[in-house]
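Novice: I would like to see how this sequence folds:
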Amino acid sequence: MILATEAKDLFSQTDFHEWHIGDKHHKKDVKFTPAEEVDGVIVRQLSSLTALDEWHYRKGYLAKQAGQGFIYDKTLGWICQFNSFYN
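Specialist: Sure, this is the predicted structure:
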């Protein structure tokens, strides 16, 4: 909530609050990006765009390479998500 505190004037003028955070070296669901609401902010965990390397393989982080795209409406907020998975 640092942004909400440090930029409260701008933050208070918005209707939708959402964070996209980096991958956690695993995929929770392949149908949509996992999201949870924390203090009124939607937090979405994104997949990794990077390919599997030796270090990740040895550590057991075997998630598929993937990317997400999102469409937001000014009045409705999040309305659509696209997923792209790589081999």
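Novice: When you work out contacts or count neighbours from here on, use the C-alpha atoms and nothing else.
Specialist: Noted.
Novice: Quick one: the strands in this structure, in order.
Specialist: 18-21, 35-38, 41-45, 66-73, 77-85 (DSSP state E).
Novice: Quick check: which of these has the most neighbours on average?
Specialist: strand 41-45 (a mean of 17; mean count of other C-alpha atoms under 10 Å).
Novice: what packs against it?
Specialist: Applying 3 or more C-alpha pairs under 8 Å, 6 or more residues apart in numbering; DSSP states H and E, we find strand 41-45 packed against strand 18-21, strand 35-38.
Novice: Show me what N83 bridges to in the sheet.
Specialist: N83 has these beta-bridge partners by DSSP bridges: Q68.
Novice: what's around S47, how many residues?
Specialist: Per other C-alpha atoms under 10 Å, the neighbour tally for S47 reads 27.
Novice: Out of the strands of the chain, the one nearest S12 is which?
Specialist: Checking the strands of the chain against S12 by C-alpha to C-alpha gives strand 41-45 as the closest, at 12.4 Å.
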